[in-house]
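Peer 1: Sequence and predicted structure below; questions after.
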Amino acid sequence: MSSTGRSQQPTAKPAGRPSWPLWLAALSAAGAALSGYLWRAKVGALSLICGPVGDCVTVNSSAYSEVFGIPVALLGTLMYSGVAVSLLWEWRRPGTPVSQVGFMLALAGALFSLYLTGVETFVLRAYCIWCLTSWVMITAIAWTWGRHLRRAEARA
Amino acid sequence: MAKKSRKGSKSRGAGSMRWVWAGAVVLVALLIAGQWWWNSRQSENLIRAAAYWEQFEIDGTRIGSPGAPVHVEEYFDFQCPHCHTASDTVVKRLLDEYVAEGKVTFTYRFFPILGPESLLAARAAYCAMDQGAFWPYQDLLMSKKGMGNRGTYSRDNLIDYARQLGLNGSSFASCLDSDRSMQYVRASHDQAVRMGLLGTPTFIVNGQIVNLATWEDLFGVIDRALAAANR
């Protein structure tokens, strides 16, 4: 019966994989590179170029640039890498728990970046252009990903 | 029936999203709490380390009793790797075994020769001296082991280190930018040049430049100077 039903359906073009995970994975890779740069500068392997906006050296060397002695920039590099891998997984196999874990990482990254931006504004009174860029990137990733997850849920 | 199952899967999905949000919030709360705990521990460590210096008689870059029979000076550069080693091994031992016992008085002298951050770090150390904190500050700078003008002793970092020690950041910054910090460091540098010093670290015991093959040699020279003073 079911096989008959299936044969009666019009031959629909198989839906291609959505491209949004790839775009977000590329953005995450850029975020990982940015955080990696801040991390290398933090350990003194590179000198930090701040450009005309803000004071990234002050921010990157402040007491708030570490958690348990681990540079926040290194945590950011690992977070972005994890998010990029999860997004590639989502692209290959949509809707698995890996996607939710990856989204949780991105969400945590966006919230922690929000906190750090608050620290820059109210405690350090100094801005790091690279950190603000990273905040915008991870917020965009988390927001877009969350929207797609909600849509997928609504379809289910 | 189909509606019911759709509703069920929707609520399951909403439930899992709630867990995702909860997980993210818990993770961020842990990170923030960890950061505050770590920072308060670091501050306590710095204050404890600063308390170490209270046992000594200090006057600027000089430490120890002015009446001590032997006077040791070191011309140094904050970016010189051998000066970092000397700070960790020679100076610590000198302070604990000789200066604390009143046998030696020790003076650091600036000889910044390794680039702009050497000069800036020396000026910053002068500014810390201005606020009565040269010794804990130089200790903090030495522990950073900055080399090669890579930003460890950038202006912003130097001010941040001062703040970590509880110094007044704005007066520290204005001192760092002032002519007087430049003049003080330049005077010390010029003195080293006049003495014909070629590198750092250079140790001077009772006015005599000491050539060292090993760090241990310095203690031999000091012991002989002490023996001569006791005769």
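Peer 2: Arrived safely.

Peer 1: how about the spatially most central residue of chain A, what does it touch?
Peer 2: The C-alpha lying nearest the average C-alpha coordinate of chain A belongs to A:Ile138 (C-alpha atoms, centre = their mean; 4.0 Å). Shown in contact with A:Ile138 (C-beta atoms under 8 Å, 6 or more residues apart in numbering or on different chains): A:Gly31, A:Met79, A:Tyr80, A:Val83, A:Ala106, A:Gly109, A:Ala110, A:Ser113. Using the backbone N, CA and C atoms, a C-beta is placed for each residue, glycine as well.

Peer 1: And the furthest pair within those residues?
Peer 2: A:Val83 and A:Ser113 (12.6 Å; C-beta to C-beta).

Peer 1: which one of those two has more residues nearby?
Peer 2: A:Val83 (30 against 23; other C-beta atoms under 10 Å in any protein chain shown).

Peer 1: and the more buried one, what does it touch?
Peer 2: A:Leu24, A:Ser28, A:Gly31, A:Gly102, A:Leu105, A:Ala106, A:Gly109, A:Ile138, A:Ile141.

Peer 1: how about it, secondary structure?
Peer 2: What DSSP: H, G, I helix; E, B strand; the rest coil gives for A:Val83 is helix.

Peer 1: Okay, now the unreliable bits of chain B?
Peer 2: B:1-15 (pLDDT under 70).

Peer 1: what's the burial count for B:Thr89?
Peer 2: Neighbour tally, B:Thr89, other C-beta under 10 Å: 12.

Peer 1: What parts of chain B come near chain A?
Peer 2: B:6, B:9-10, B:13-14, B:16-17, B:19-21, B:23-25, B:27-28, B:31-32, B:34-35, B:38-39, B:42, B:146-147, B:149-152, B:154, B:156-157, B:159-160, B:164 (C-beta under 8 Å from any C-beta of the partner chain).

Peer 1: picking up where we left off before, can you confirm the residue nearest to the centre of chain A is in a helix?
Peer 2: Yes. Assessed with three-state DSSP, A:Ile138 lies in a helix.

Peer 1: Helices along chain A, start to end?
Peer 2: A:2-8, A:20-42, A:56-60, A:72-92, A:97-119, A:129-155 (DSSP state H).

Peer 1: burial measure for residue 156, as a count.
Peer 2: By default, I'm working from chain A. Residues near A:Ala156, counting by other C-beta under 10 Å: 12.

Peer 1: The intended chain is chain B.
Peer 2: 20.

Peer 1: In which helix or strand does it reside?
Peer 2: helix B:155-164 (DSSP states H and E).

Peer 1: residues making contact with that helix?
Peer 2: Here helix B:155-164 has contacts from A:55, A:57-58, A:61-63, B:42-43, B:46, B:120-121, B:124, B:127-128, B:131, B:133, B:137, B:140-141, B:144, B:151, B:169, B:172-173, B:176, using C-beta under 8 Å, 6+ apart.

Peer 1: got the buried residues for stretch A:58-71?
Peer 2: The neighbour-count check on stretch A:58-71 (16 or more other C-beta atoms under 10 Å in any protein chain shown) flags A:Thr58, A:Val59, A:Asn60, A:Ser61, A:Ser62, A:Ala63, A:Tyr64, A:Ser65, A:Glu66, A:Val67, A:Pro71 as buried.

Peer 1: In strands, which of those fall?
Peer 2: Of the buried residues of stretch A:58-71, the ones assigned to strands by DSSP state E are A:Glu66, A:Val67, A:Pro71.

Peer 1: OK, contacts around the second one?
Peer 2: Taking C-beta under 8 Å, 6+ apart as the criterion, A:Val67 is in contact with A:Leu75, B:Leu31, B:Gly34, B:Gln35, B:Trp38.

Peer 1: who in chain A is up against chain B?
Peer 2: A:41, A:44-48, A:55, A:57-58, A:61-64, A:66-69, A:75, A:100, A:103-105, A:107-108, A:111-112, A:115, A:149-150, A:152-154, A:156.

Peer 1: Find the residue closest to A:Val72 in space, skipping its chain neighbours.
Peer 2: Residue nearest to A:Val72 in three dimensions, not counting chain neighbours: A:Ser65, with 5.3 Å by C-beta to C-beta, 6 or more residues apart in numbering or on different chains.

Peer 1: B:Val72 is in what secondary structure piece?
Peer 2: strand B:70-76.

Peer 1: and the following helix or strand past that strand, what does it pack onto?
Peer 2: The helix or strand immediately downstream of strand B:70-76 is helix B:81-86, counting by DSSP H and E. If you count contacts as 3 or more C-beta pairs under 8 Å, 6 or more residues apart in numbering or on different chains; DSSP states H and E, helix B:81-86 packs onto strand B:70-76.

Peer 1: Kindly export the strand it packs on (C-alpha atoms) in PDB.
Peer 2: Output in PDB follows, covering the C-alpha atoms of strand B:70-76 (Å, rounded to 0.1, in the frame of the first residue of the first chain):
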ATOM      1  CA  VAL B  70      79.200  45.600  50.700                       C
ATOM      2  CA  HIS B  71      77.300  47.500  48.000                       C
ATOM      3  CA  VAL B  72      76.300  45.500  44.900                       C
ATOM      4  CA  GLU B  73      74.800  47.300  41.900                       C
ATOM      5  CA  GLU B  74      73.300  45.800  38.800                       C
ATOM      6  CA  TYR B  75      73.000  47.600  35.500                       C
ATOM      7  CA  PHE B  76      70.100  45.900  33.700                       C
END
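
Peer 1: helices or strands next to it in the packing?
Peer 2: helix B:81-86, strand B:104-110, strand B:202-205, helix B:215-230.

Peer 1: out of the ones you listed, deepest packed?
Peer 2: The highest mean neighbour count among the helices and strands packed on strand B:70-76, using mean count of other C-beta atoms under 10 Å in any protein chain shown, belongs to strand B:104-110: a mean of 22.
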